[in-house]
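Colleague: have a look; sequence and predicted model below, questions after that.
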Amino acid sequence: MTLRLTDDPAADALLSANPLALLIGMLLDQQVAMEVAFSGPRKIEQRLGSVDAAALAAADPETVAAAFAQTPAVHRFPGSMAGRVQALCQVLVESWDGDAAALWTRDAPDGPTVLARLQTLPGFGPQKAKIFLALLGKQCGFTGAGWREAAAPYGEEGSFRSVADITSPETLQRVRETKRAAKAAAKAT
């Protein structure tokens, strides 16, 4: 699997190879452009040495916050997002042996089970969990029964609703157009 979610080949390579990096990118995907959010794990790796749940969970919060705030910032809200990333990593260490991929691989879960697991994570509400499940199914090889239905509407084949549908600059543009149209329609009603 080779994800293409950013304009940075090194960031995309990290997302493709490191399940925690992908999960953190999804966590960061709010109130910033998708490319900025999914480039965040690469900045974390460069500034803190790795994207590892145990290391991030155990790191000094002030050190993590400073790394997030360094220019260019990991996120628009570096302090709060540094705390969220550490909280996410702490849950992964405590409940999943520090293995982000265990959320979707341990005990061969079906789609609804993965969705429920994702929703227990800090910063993962129903919509973010559905989008991430769709990303796992559409681009990361997750085949658990019922994943498309559990991820609805983001799991729909051929849709361009979210990061799950981005595979190129062209599909990124289609997702942006779909989001703009949805916002305009919501505003009109």
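Modeller: Right, received. Where do you want to start?
Colleague: quick one: L27 from R180, how far?
Modeller: 24 Å (CB to CB, to the nearest Å). Where C-beta positions appear, they are placed from N, C-alpha and C, glycine not excepted.
Colleague: have a look at the two and say which one is more surrounded.
Modeller: Between L27 and R180, L27 has the larger neighbour count (other CB atoms under 10 Å), namely 23 against 10.
Colleague: show me what the worst-scoring helix or strand of the chain on mean pLDDT packs onto, helices and strands only.
Modeller: Sorting the helices and strands of the chain by mean pLDDT, DSSP states H and E puts helix 169-188 at the bottom, at a mean of 90. When contacts are defined as 3 or more CB pairs under 8 Å, 6 or more residues apart in numbering; DSSP states H and E, helix 169-188 sits against helix 34-48.
Colleague: list the helices and strands the helix it packs on packs on?
Modeller: helix 9-17, helix 19-28, helix 53-58, helix 61-69, helix 169-188.
Colleague: let me see the mean pLDDT of the second one.
Modeller: I take that to be helix 19-28. What helix 19-28 shows for mean pLDDT is 98.
Colleague: circling back to that earlier point, mind putting the helices and strands packed on helix 34-48 into JSON lines with distance to W147?
Modeller: Shown next, in JSON lines, are those (distance: least, CB to CB, whole Å):
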{"stretch": "helix 9-17", "distance to W147": "19"}
{"stretch": "helix 19-28", "distance to W147": "16"}
{"stretch": "helix 53-58", "distance to W147": "24"}
{"stretch": "helix 61-69", "distance to W147": "32"}
{"stretch": "helix 169-188", "distance to W147": "19"}
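Colleague: buried deepest among these, which one?
Modeller: helix 19-28 (a mean of 26; mean count of other CB atoms under 10 Å).
Colleague: any idea which residue sits dead centre in this protein?
Modeller: M26 (1.7 Å; CA atoms, centre = their mean).
Colleague: now do the contacts for the nearest residue to that residue once chain neighbours are set aside.
Modeller: Distance criterion CB to CB, 6 or more residues apart in numbering; nearest residue to M26, sequence neighbours excluded, is F132 at 4.8 Å. Listed by CB atoms under 8 Å, 6 or more residues apart in numbering, the contact partners of F132 are L23, M26, L118, F124, A164.
Colleague: mind doing that once more with 10 Å?
Modeller: Neighbour list for F132: 22-23, 25-27, 29, 103-104, 114-115, 118, 121, 124, 140, 151, 154, 162-164 [criterion: CB atoms under 10 Å, 6 or more residues apart in numbering].
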